[in-house]
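> I'd like to go over a predicted model; first the sequence, then the structure.
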Amino acid sequence: MGNGDIRVRGIAARAGGWSARHRWAAVGIWVLFVVLAMGLGSAAGRVDVKESDQLKGETHTAAKIIDDAGIKEPASESVLIQAKGKDIRATDAEFRRAVTEVVKGVRATGQVTDVTSPYDTGTISKDGRSALVQFDMRGDSETAGDRVESVLNAVEGVGKDHAGLRIEEIGGASMNKTFSDAFGDDFQKAEYSAVPVALGILLIAFGALVAALLPVALAITAIMATMGLMGIVSHLQPMSDTANSVMLLVGLAVGVDYCLFYLRREREERAAGRDAGAALRIAAATSGRAIIVSGVTVCVAMAGMLFTGLAEFEAMGLASLMVVAVAMVGSVTVLPALLSLLGERVEKGRIPFLHPDKRRKNGRRSKAASGEQGSRFWGAVLRVVLARPAISLVVAAGALLAVAAPALGMKTQNLTLDQEFGDTLPIVGTYNRVNDAFPGGSEPAEVVVKAKDIDAADVKSALADFRTQAISSGATRGPVDIKVHAEENVAFVYVPLVGGSDQDRAEKSLGLLRDKVRPDTLGKVEGVQAPITGQVAGSHDFNDQLIGSVTPVFAFVVVFAFLLMLLSFRSLTIAITSILLNLLSVAAAYGILVGVFQHGWGASLVGAEGVGAIVTWLPLFLFVILFGLSMDYHVFVVSRIREARLRGRSTKEAIRHGVVTTAGVVTSAAVIMVAVFAIFGTLSMQSMKQMGVGLAAAVLIDATIIRGVLLPAVMALLGERNWYLPKWLHRLPDLTHDEAPQDVSPPAALEGERAGV
């Protein structure tokens, strides 16, 4: 069989072969696809998730009532006026003067309405040292943050004239403006810096500018195309800014990884003496196939988010699934075409002093360049692991289980403002002072009452009883405000919850309202709906729905990943060990998260002091993302091991060959992922910091301990049982790939599987 006569089969091989033969057509089709996707997406516009669709349950019902009634709730603001010392009271002349000036000042801006004095509404604290001036912003609540600056300036001006008083504003509009100013640029910098970081690492990995640019170009074009597709798909499944950010993260990670795997294999085959055509065909049949298996597995994992029933998660899952699919298709189509077009020019822009071992010797690259020598470090590690696989397994698995142990005590909750931002923003201090003086006042529960006739006597009586019993039950200390929209037959009841920023106590107060006060009052009036919403209620409903979705999501992802591994490697053993190793990797990441962010071990190193909990959505999000992404390395390494086994190497020698020859590309891919995710770990928001640290830690563990120690140790212990497939499963579709054998003896038959190629 000649050098150019390489027998391959499969979708990846056929796609790569066609693209290499019709390279200009392949490149043109890809460019046309990206341009059309962006153009159609821009024309269609993006439909974002509505608040009424965010959650199910009472929060959803309340939002639906408000939407159906056509009521636009304004952004509410409060100005805290508080004595700095113990000598001044709300009844003093200076205090009254400050209140009057605040009322006049905010009214004069022309941006507010319904300004109320604390002396009229009774919003004065029990100790008499604090009071709230309350008002609503004019116009759309979603854009109120753009108009609140003049109001903030007016309040600040009054504060300068009263040195003995603390005068501060807080509310939806002021918080949105503060967060947008403080962290909007932060997110953009993180997203924009990810590309140059990835490019820099690729330059080091390849030592050539053109070779380094290819993975980044593929990832960017895949992301651009997906952004267009998101606009089209959003008319069926609404999207969001969060989904867009997650798509960028995942798209950059897998786009670079897939191209990296393909390009390194093509270069390795050429370095080993293959001609350009043969090298491309082998890369298509091997790395290309691994990319498809990995990509489909990641897509399946991302699809697990669609089972949560949470609109935000569904948007993230669908956006991530699309970008992975686009990057996967690009990797096995346009990439071989570009490599065929570039030929030796892929080495252009070589950086001096990098990879000096890759210089040609006698017209061929050295053995080191071919990848057979691989990583000296991992070669040394593998000598120990393969010599003592049982000990290596016990030590590595024991270490990871110890790291995972803290996850058993994981506490999840939607982070409060002070947990999310710490003391980095002045408005967090204002938030805490308002909650101390008026428990629950900054984020009250909101009862949305819908009746056939909101002015009916029995409805009015029930509203009055609700207000009285809410206070007598201990759920609130008041004041309980009622705002009636007579034309729409809707009333809003605002109830400051006892517990304030203490989520656990506030949820107990919410439970009293939902389970006792409401049934005894509004629940007795026929035809009245009274769902309770608000920040605490939304967090509670979100947690309940998320917990309920864990089992179906977990089952879907694990079962389908198992089936994909079974079909791709035709080995029951490989399928089982793949799932177990990935679960161990995820568990270790959970343990690190809990240790750092909940228990505070080493928290100062990442700026996470005092958080005390894991944000509710993160564990499920991490499971789905990590279970998908970890398959990148696993499929790539195991494919190489199986390939070496089919070429005639013994199982142990195949393990050594597969792990060592893939060490460089896996290390490069992992470093890129860790670096990109670590950027998000530097953000000031604790939820984003937790996401970045969790993802970075898991990828690092996966690419080192799992792939470099546990995988070879387990496979070495199993020996020929690695390839076991029961006879009754032999009828399964054969999705493995074939490739020409090297000059070695034929392989021994794999247990329960054919040996030939």
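Arrived safely, thanks for sending.
> Distance of residue 142 relative to residue 50?
Distance, residue 142 to residue 50, by CB to CB, to the nearest Å: 11 Å. C-betas here are computed from N, CA, C, even on glycine.
> wait, I meant residue 392
The spacing between residue 392 and residue 50, counted by CB to CB, is 53 Å.
> which one of those two has more residues nearby?
Neighbour tally, residue 392 and residue 50, criterion other CB atoms under 10 Å: the higher count belongs to residue 392, 22 against 12.
> in whatever helix or strand that one lives in, what counts as buried?
Element membership for residue 392, per DSSP states H and E: helix 389-404. Residues of helix 389-404 classed as buried: 389, 392, 393, 395, 396, 397, 400, 403, 404 (neighbour count, 16 or more other CB atoms under 10 Å).
> Check stretch 220-238 too.
220-234, 237-238.
> Show the residue spans covered by the strands in the stretch 451-600 of the chain.
For the stretch 451-600 of the chain, the strands defined by DSSP state E, counting those that start in this stretch cover 481-485, 490-495, 532-533.
> So what's the residue count around residue 576?
Around residue 576 there are 14 other residues, counting by other CB under 10 Å.
> Pick the most buried one from the strands of the stretch 451-600 of the chain.
For those, the largest average neighbour count (mean count of other CB atoms under 10 Å) is found in strand 532-533, namely a mean of 24.
> Surely residue 709 forms part of a helix?
Yes: counting by DSSP: H, G, I helix; E, B strand; the rest coil, one finds residue 709 located in a helix.
> I'd guessed it sits against residue 378; true?
No: under the criterion of CB atoms under 8 Å, residue 709 makes no contact with residue 378, lying 9.8 Å away.
> Poorly predicted segments of the stretch 251-400 of the chain, please.
Counting by pLDDT under 70, the stretch 251-400 of the chain has low-confidence residues at 353-375.
> tell me the contacts of residue 523?
residue 530 (CB atoms under 8 Å, 6 or more residues apart in numbering).
> quick one: it from residue 456, how far?
Per CB to CB, residue 523 is found 16 Å from residue 456.
> With adjacent residues omitted, what lies nearest to the spatially most central residue of the chain?
Centroid-nearest residue in the chain: residue 246, 5.3 Å away (criterion: CA atoms, centre = their mean). Using CB to CB, 6 or more residues apart in numbering and skipping residues adjacent in sequence, the residue nearest residue 246 is residue 316, 4.8 Å away.
> Quick one: list the elements packing against whichever strand or helix holds the one you found.
Per DSSP H and E: residue 316 is located in helix 311-332. If contacts are counted by 3 or more CB pairs under 8 Å, 6 or more residues apart in numbering; DSSP states H and E, helix 311-332 sits against helix 11-21, helix 51-54, helix 209-233, helix 241-271, helix 289-303, helix 618-646.
> Serialize those helices to CSV and add fields for distance to residue 558.
Converted to CSV, the helices and strands packed on helix 311-332 look like this (distance: least, CB to CB, whole Å):
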stretch, distance to residue 558
helix 11-21, 25
helix 51-54, 27
helix 209-233, 26
helix 241-271, 20
helix 289-303, 9
helix 618-646, 8
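> now the stretch 601-750 of the chain, which segments are flagged as low pLDDT?
610, 734-750.
> same check, this time on the stretch 1-150 of the chain
Applying pLDDT under 70 to the stretch 1-150 of the chain picks out residues 1-10, 51-54.
> that older thread, check the offset of the helix or strand that the helix holding residue 392 is followed by from the chain's centre.
Reading on from helix 389-404 to the C-terminus, the next helix or strand found by DSSP H and E is strand 412-413. On the basis of CA atoms, centre = their mean, to the nearest Å, strand 412-413 is displaced by 16 Å from the centre of the chain it belongs to.
> What of stretch 437-449?
Centroid separation for stretch 437-449 versus its chain: 30 Å, with CA atoms, centre = their mean.
> just to revisit the earlier point, list the residues that contact the residue nearest to residue 246.
So residue 316 contacts 240, 242, 243, 246, 247, 305, 621 (CB under 8 Å, 6+ apart).
> Helices of the stretch 1-150 of the chain, residue ranges please.
Residue ranges of the helices in the stretch 1-150 of the chain, as given by DSSP state H, counting those that start in this stretch, are 11-21, 23-44, 51-54, 57-69, 93-108, 118-121, 149-160.
> The ones you listed: which one's closest to residue 408?
With CB to CB as the criterion, residue 408 lies closest to helix 57-69 of those, at 28.5 Å.
> follow-up on the earlier one: identify the residues contacting the helix holding residue 392?
Residues contacting helix 389-404 (CB under 8 Å, 6+ apart): 384-385, 584-585, 587-588, 590-592, 595, 701, 705, 709-710, 712-714, 716-717.
> cool, stretch 538-545 as well?
Outside stretch 538-545, the residues that reach it (CB under 8 Å, 6+ apart) are 54-60, 308-310, 412-414, 503, 507, 510, 616-617.
> 10 Å instead, please
Applying CB atoms under 10 Å, 6 or more residues apart in numbering, the contact partners of stretch 538-545 are 51, 54-60, 62-63, 308-310, 312-313, 412-416, 443, 446, 503, 506-507, 510-511, 514, 531-534, 616-617.
> Now it: buried residues?
538, 539, 540, 541, 542, 543, 545.
> do the same with stretch 719-733
Neighbour-count burial for stretch 719-733 flags 720, 722, 723, 724, 725 (criterion: 16+ other CB under 10 Å).
> Would you mind checking which of those residues is nearest to residue 257?
Taking CB to CB as the measure, residue 257 lies nearest residue 722 of those, at 24.6 Å.
> isn't the closest one right up against residue 714?
Yes: counting by CB atoms under 10 Å, residue 722 does reach residue 714; the two are 8.6 Å apart.
> what is in contact with these two at once?
Listed as contacting both residue 722 and residue 714 by CB under 10 Å, 6+ apart are 573, 577, 655.
> got a list of what the residue nearest to residue 489 when sequence neighbours are not counted touches?
The shortest distance from residue 489 to any non-neighbouring residue, by CB to CB, 6+ apart, is to residue 454 (4.4 Å). By CB under 10 Å, 6+ apart, the residues touching residue 454 are 460, 463, 484, 485, 486, 487, 488, 489, 490, 491, 528.
> Could you export those residues as a markdown table, including pLDDT and distance to residue 82?
Below are those laid out as a markdown table (pLDDT from 0 to 100; distance: CB to CB, whole Å):
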| residue | pLDDT | distance to residue 82 |
| --- | --- | --- |
| 460 | 93 | 35 |
| 463 | 94 | 31 |
| 484 | 91 | 31 |
| 485 | 91 | 33 |
| 486 | 90 | 36 |
| 487 | 90 | 38 |
| 488 | 92 | 36 |
| 489 | 92 | 39 |
| 490 | 94 | 34 |
| 491 | 94 | 31 |
| 528 | 93 | 38 |
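> And these, which is closest to residue 693?
Nearest to residue 693 among those: residue 490, at 44.0 Å, using CB to CB.
> Contact partners for that closest one?
65-66, 68-71, 448-451, 454, 483-484, 529.
> Residue 681 now?
With contact set as CB under 10 Å, 6+ apart, residue 681 has these partners: 190, 606-608, 674, 688-697.
> most distant residue from the middle of the chain?
Distance from the C-alpha centroid of the chain peaks at residue 93, with 53.1 Å (CA atoms, centre = their mean).
> gap between that residue and residue 162?
Counting by CB to CB, the gap from residue 93 to residue 162 is 12 Å.
> Same check on residue 88?
The gap separating residue 88 from residue 162 is 10 Å, by CB to CB.
> between these two, what contacts are shared?
Counting by CB under 10 Å, 6+ apart, the shared contacts of residue 88 and residue 162 are 94, 95, 98.
> Buried only: go through the residues you listed for me.
In terms of neighbour count (16+ other CB under 10 Å), the buried residues within the shared contacts of residue 88 and residue 162 are 95, 98.
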